[in-house]
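> Need a 3D model of the following:
(one chain, ligands or ions: 1)
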Amino acid sequence: MADQELIPIYIMNKQYLVPPTLTIMRALEYAGYKLIRGVGCRAGFCGACATVYRTAGDYRLKIGLACATLVEPEMYLAQIPFFPAPRAQYHLEELKPDMSALLKTYPEVLRCLSCGTCTKVCPQDIDVKDYMAEAMRGNIAGVADKSFDCIMCGLCAARCPAEEKQYQIAILCRRLYGKYLAPRAEHLHKRVQEIMDGKHDAELIRFKTMSKDELKKAYYERDIEPE
Ligand code: FES
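Just a heads-up that it's a prediction; the model follows:
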(Lines give C-alpha, C1' and ligand atoms only; values in the text may rest on other atoms or scores of the structure.)
Protein backbone atom coordinates (compact mmCIF):
# COMPACT_ATOMS: atom_id res chain seq x y z
CA MET A 1 0.00 0.00 0.00
CA ALA A 2 1.32 3.45 -0.90
CA ASP A 3 2.36 5.70 1.99
CA GLN A 4 -0.36 8.28 1.30
CA GLU A 5 -3.03 5.64 1.95
CA LEU A 6 -1.68 4.96 5.42
CA ILE A 7 -2.52 6.91 8.56
CA PRO A 8 -0.24 7.75 11.50
CA ILE A 9 -0.94 6.21 14.89
CA TYR A 10 1.23 6.27 18.00
CA ILE A 11 2.05 3.15 19.98
CA MET A 12 4.08 3.79 23.13
CA ASN A 13 4.51 7.30 21.75
CA LYS A 14 6.24 6.05 18.60
CA GLN A 15 4.69 6.79 15.24
CA TYR A 16 3.66 4.02 12.85
CA LEU A 17 1.90 4.28 9.50
CA VAL A 18 -0.93 1.77 9.18
CA PRO A 19 -3.90 1.14 6.86
CA PRO A 20 -7.06 2.91 8.09
CA THR A 21 -9.14 -0.22 7.67
CA LEU A 22 -7.45 -2.09 10.51
CA THR A 23 -8.66 -2.62 14.04
CA ILE A 24 -6.28 -1.42 16.75
CA MET A 25 -5.26 -5.04 17.32
CA ARG A 26 -4.45 -5.63 13.65
CA ALA A 27 -2.63 -2.29 13.52
CA LEU A 28 -0.41 -3.32 16.43
CA GLU A 29 0.49 -6.47 14.55
CA TYR A 30 0.94 -4.56 11.30
CA ALA A 31 3.39 -2.33 13.19
CA GLY A 32 5.37 -5.40 14.19
CA TYR A 33 4.12 -6.13 17.71
CA LYS A 34 3.67 -9.76 18.59
CA LEU A 35 0.73 -9.91 20.98
CA ILE A 36 1.11 -12.39 23.78
CA ARG A 37 -0.95 -10.51 26.40
CA GLY A 38 -3.94 -8.30 25.78
CA VAL A 39 -5.37 -10.61 23.16
CA GLY A 40 -7.78 -13.49 23.36
CA CYS A 41 -10.91 -14.17 21.36
CA ARG A 42 -10.33 -11.38 18.80
CA ALA A 43 -14.09 -10.99 18.61
CA GLY A 44 -15.19 -8.69 21.44
CA PHE A 45 -16.06 -11.35 24.01
CA CYS A 46 -13.13 -12.08 26.31
CA GLY A 47 -12.24 -8.60 27.53
CA ALA A 48 -8.50 -9.13 27.19
CA CYS A 49 -7.81 -6.20 24.88
CA ALA A 50 -8.92 -3.07 26.74
CA THR A 51 -7.31 -0.01 25.21
CA VAL A 52 -7.21 3.65 26.15
CA TYR A 53 -6.38 6.35 23.64
CA ARG A 54 -6.49 10.00 22.80
CA THR A 55 -6.76 11.57 19.39
CA ALA A 56 -4.99 14.76 18.38
CA GLY A 57 -6.79 17.96 19.41
CA ASP A 58 -9.25 16.17 21.71
CA TYR A 59 -8.76 16.37 25.48
CA ARG A 60 -10.95 13.34 26.18
CA LEU A 61 -9.53 9.98 27.14
CA LYS A 62 -11.32 7.38 25.04
CA ILE A 63 -11.62 3.64 25.45
CA GLY A 64 -12.25 0.65 23.24
CA LEU A 65 -11.60 -3.03 22.71
CA ALA A 66 -8.55 -3.34 20.47
CA CYS A 67 -10.12 -6.20 18.51
CA ALA A 68 -13.30 -4.25 17.79
CA THR A 69 -12.21 -0.62 17.35
CA LEU A 70 -10.88 0.78 14.08
CA VAL A 71 -7.77 2.94 14.09
CA GLU A 72 -8.14 6.67 13.58
CA PRO A 73 -5.51 9.16 12.39
CA GLU A 74 -3.30 10.52 15.18
CA MET A 75 -4.48 7.95 17.71
CA TYR A 76 -2.27 7.72 20.79
CA LEU A 77 -2.66 4.20 22.14
CA ALA A 78 -1.95 2.25 25.30
CA GLN A 79 -3.06 -1.29 26.02
CA ILE A 80 -4.39 -2.35 29.44
CA PRO A 81 -4.25 -6.14 29.26
CA PHE A 82 -4.45 -6.42 33.01
CA PHE A 83 -5.54 -4.06 35.76
CA PRO A 84 -4.59 -4.76 39.39
CA ALA A 85 -7.98 -5.62 40.94
CA PRO A 86 -7.44 -8.96 42.67
CA ARG A 87 -10.45 -11.17 43.23
CA ALA A 88 -11.34 -11.69 46.91
CA GLN A 89 -10.82 -15.24 48.17
CA TYR A 90 -14.15 -16.88 48.92
CA HIS A 91 -16.11 -20.12 48.84
CA LEU A 92 -19.65 -19.72 47.59
CA GLU A 93 -20.78 -22.40 50.06
CA GLU A 94 -19.79 -20.08 52.92
CA LEU A 95 -21.67 -17.05 51.56
CA LYS A 96 -25.33 -16.11 51.50
CA PRO A 97 -26.85 -14.35 48.47
CA ASP A 98 -27.33 -11.03 50.23
CA MET A 99 -25.48 -7.94 51.43
CA SER A 100 -23.47 -9.97 53.96
CA ALA A 101 -21.58 -11.65 51.08
CA LEU A 102 -20.49 -8.31 49.67
CA LEU A 103 -19.54 -6.86 53.04
CA LYS A 104 -17.41 -9.91 53.70
CA THR A 105 -15.62 -9.97 50.34
CA TYR A 106 -15.66 -6.42 48.99
CA PRO A 107 -16.59 -4.09 51.91
CA GLU A 108 -15.33 -1.16 49.84
CA VAL A 109 -18.51 -1.55 47.80
CA LEU A 110 -20.06 1.10 50.06
CA ARG A 111 -17.42 3.64 49.00
CA CYS A 112 -19.10 4.02 45.59
CA LEU A 113 -19.68 7.71 44.83
CA SER A 114 -22.28 7.08 42.11
CA CYS A 115 -20.23 9.37 39.86
CA GLY A 116 -20.92 7.31 36.75
CA THR A 117 -17.34 7.26 35.46
CA CYS A 118 -17.57 3.47 35.29
CA THR A 119 -20.67 3.64 33.13
CA LYS A 120 -19.05 6.13 30.77
CA VAL A 121 -15.99 3.95 30.30
CA CYS A 122 -17.66 0.56 29.79
CA PRO A 123 -17.07 -0.72 26.22
CA GLN A 124 -20.11 -2.99 26.63
CA ASP A 125 -22.39 -0.02 27.39
CA ILE A 126 -23.31 -1.55 30.74
CA ASP A 127 -24.73 0.88 33.27
CA VAL A 128 -22.09 -0.04 35.85
CA LYS A 129 -23.19 2.75 38.21
CA ASP A 130 -26.67 1.25 38.20
CA TYR A 131 -25.54 -2.26 39.13
CA MET A 132 -23.26 -0.81 41.81
CA ALA A 133 -26.35 0.88 43.27
CA GLU A 134 -28.00 -2.57 43.37
CA ALA A 135 -24.87 -3.94 45.05
CA MET A 136 -25.06 -1.27 47.76
CA ARG A 137 -28.65 -2.36 48.38
CA GLY A 138 -27.54 -6.00 48.60
CA ASN A 139 -29.67 -6.92 45.58
CA ILE A 140 -27.60 -9.82 44.24
CA ALA A 141 -30.12 -10.73 41.53
CA GLY A 142 -30.20 -7.11 40.34
CA VAL A 143 -26.42 -6.96 40.00
CA ALA A 144 -26.35 -10.32 38.23
CA ASP A 145 -28.98 -9.20 35.76
CA LYS A 146 -27.58 -5.73 35.05
CA SER A 147 -23.97 -6.90 34.73
CA PHE A 148 -24.77 -9.90 32.56
CA ASP A 149 -22.84 -8.61 29.50
CA CYS A 150 -19.64 -7.83 31.45
CA ILE A 151 -16.52 -9.23 29.78
CA MET A 152 -14.19 -8.40 32.71
CA CYS A 153 -11.98 -5.98 30.78
CA GLY A 154 -11.32 -3.99 33.97
CA LEU A 155 -11.76 -0.50 32.53
CA CYS A 156 -14.42 0.39 35.13
CA ALA A 157 -11.97 -0.35 37.95
CA ALA A 158 -9.17 1.45 36.11
CA ARG A 159 -11.13 4.72 36.04
CA CYS A 160 -12.96 4.54 39.36
CA PRO A 161 -12.13 7.46 41.71
CA ALA A 162 -13.43 5.39 44.68
CA GLU A 163 -11.07 2.53 43.77
CA GLU A 164 -13.83 -0.04 43.47
CA LYS A 165 -13.44 -3.40 41.74
CA GLN A 166 -16.81 -3.30 40.05
CA TYR A 167 -16.33 -6.23 37.70
CA GLN A 168 -15.15 -8.52 40.51
CA ILE A 169 -18.17 -7.55 42.60
CA ALA A 170 -20.40 -8.26 39.62
CA ILE A 171 -19.05 -11.72 38.90
CA LEU A 172 -19.40 -12.67 42.56
CA CYS A 173 -23.06 -11.65 42.35
CA ARG A 174 -23.56 -13.67 39.15
CA ARG A 175 -22.01 -16.69 40.84
CA LEU A 176 -24.20 -16.27 43.93
CA TYR A 177 -27.23 -15.86 41.70
CA GLY A 178 -26.38 -19.02 39.77
CA LYS A 179 -25.84 -21.04 42.92
CA TYR A 180 -28.67 -19.82 45.13
CA LEU A 181 -31.25 -17.72 43.31
CA ALA A 182 -31.65 -18.82 39.68
CA PRO A 183 -34.71 -21.02 39.15
CA ARG A 184 -33.72 -24.69 38.91
CA ALA A 185 -34.04 -26.31 35.48
CA GLU A 186 -36.27 -29.23 36.45
CA HIS A 187 -36.20 -30.76 32.95
CA LEU A 188 -32.40 -30.79 33.04
CA HIS A 189 -32.38 -32.40 36.45
CA LYS A 190 -34.83 -35.05 35.19
CA ARG A 191 -32.75 -35.76 32.08
CA VAL A 192 -29.50 -36.10 34.08
CA GLN A 193 -31.27 -38.52 36.39
CA GLU A 194 -32.49 -40.55 33.41
CA ILE A 195 -28.94 -40.73 32.07
CA MET A 196 -27.60 -41.79 35.48
CA ASP A 197 -30.31 -44.47 35.66
CA GLY A 198 -29.14 -45.88 32.32
CA LYS A 199 -32.33 -45.08 30.42
CA HIS A 200 -30.40 -44.19 27.27
CA ASP A 201 -27.62 -46.79 27.44
CA ALA A 202 -29.06 -49.16 24.85
CA GLU A 203 -29.68 -46.30 22.40
CA LEU A 204 -26.14 -45.04 22.89
CA ILE A 205 -24.67 -48.46 22.15
CA ARG A 206 -26.84 -48.67 19.02
CA PHE A 207 -25.56 -45.26 17.81
CA LYS A 208 -21.97 -46.30 18.40
CA THR A 209 -22.32 -49.27 16.05
CA MET A 210 -23.94 -47.26 13.22
CA SER A 211 -22.13 -46.18 10.05
CA LYS A 212 -21.80 -42.47 9.29
CA ASP A 213 -24.69 -42.60 6.78
CA GLU A 214 -26.94 -44.46 9.19
CA LEU A 215 -26.13 -41.89 11.86
CA LYS A 216 -26.95 -39.02 9.50
CA LYS A 217 -30.26 -40.64 8.58
CA ALA A 218 -31.14 -41.22 12.23
CA TYR A 219 -30.24 -37.61 13.00
CA TYR A 220 -32.43 -36.12 10.27
CA GLU A 221 -35.35 -38.42 11.10
CA ARG A 222 -35.20 -37.81 14.83
CA ASP A 223 -38.21 -36.66 16.76
CA ILE A 224 -37.27 -33.04 17.41
CA GLU A 225 -39.79 -32.36 20.14
CA PRO A 226 -40.61 -35.70 21.76
CA GLU A 227 -43.55 -35.79 24.15
S1 FES B 1 -9.50 -10.07 22.12
FE2 FES B 1 -11.23 -10.78 23.24
S3 FES B 1 -12.41 -8.95 23.50
FE4 FES B 1 -10.78 -8.33 22.24
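
> State the mean pLDDT of the helix or strand where His187 lies.
Assigned by DSSP states H and E, His187 belongs to helix 186-196. Confidence over helix 186-196 (mean pLDDT, whole number) is 93.

> what do you get for stretch 30-42?
Averaging pLDDT along stretch 30-42 gives 95.

> Can you list the buried residues in that stretch?
For stretch 30-42, burial by neighbour count (16 or more other CB atoms under 10 Å) applies to Tyr30, Ala31, Tyr33, Leu35, Gly38, Val39, Arg42. C-beta: built from backbone N, CA, C; applies to glycine.

> how close does the second one sit to Ala78?
In this structure, Ala31 and Ala78 are 14 Å apart, going by CB to CB, to the nearest Å.

> rewinding a little: got JSON lines for the buried residues of stretch 30-42, with distance to Asp130 and secondary structure too?
Shown next, in JSON lines, are these (distance: CB to CB, whole Å; DSSP: H, G, I helix; E, B strand; the rest coil):
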{"residue": "Tyr30", "distance to Asp130": "38", "secondary structure": "helix"}
{"residue": "Ala31", "distance to Asp130": "38", "secondary structure": "coil"}
{"residue": "Tyr33", "distance to Asp130": "36", "secondary structure": "coil"}
{"residue": "Leu35", "distance to Asp130": "33", "secondary structure": "coil"}
{"residue": "Gly38", "distance to Asp130": "28", "secondary structure": "coil"}
{"residue": "Val39", "distance to Asp130": "30", "secondary structure": "coil"}
{"residue": "Arg42", "distance to Asp130": "29", "secondary structure": "coil"}
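
> Which pair of those residues spans the longest distance?
Ala31 and Arg42 (16.8 Å; CB to CB).

> contacting residues for the residue with the shortest distance to the centre of the chain?
Among the residues of the chain, the one closest to the centroid is Ile151, at 1.1 Å (CA atoms, centre = their mean). Neighbouring residues of Ile151 by CB atoms under 8 Å, 6 or more residues apart in numbering: Gly44, Phe45, Cys46, Gly47, Pro123, Gln124.

> JSON lines please, covering those and showing distance to the ligand.
Listed next are the contacts of Ile151 as JSON lines, based on distance: CB to the nearest ligand atom, whole Å:
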{"residue": "Gly44", "distance to the ligand": "5"}
{"residue": "Phe45", "distance to the ligand": "6"}
{"residue": "Cys46", "distance to the ligand": "3"}
{"residue": "Gly47", "distance to the ligand": "5"}
{"residue": "Pro123", "distance to the ligand": "9"}
{"residue": "Gln124", "distance to the ligand": "10"}
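
> Figure out the helix or strand that Pro84 lives in.
Using DSSP H and E, Pro84 falls outside every helix and strand.
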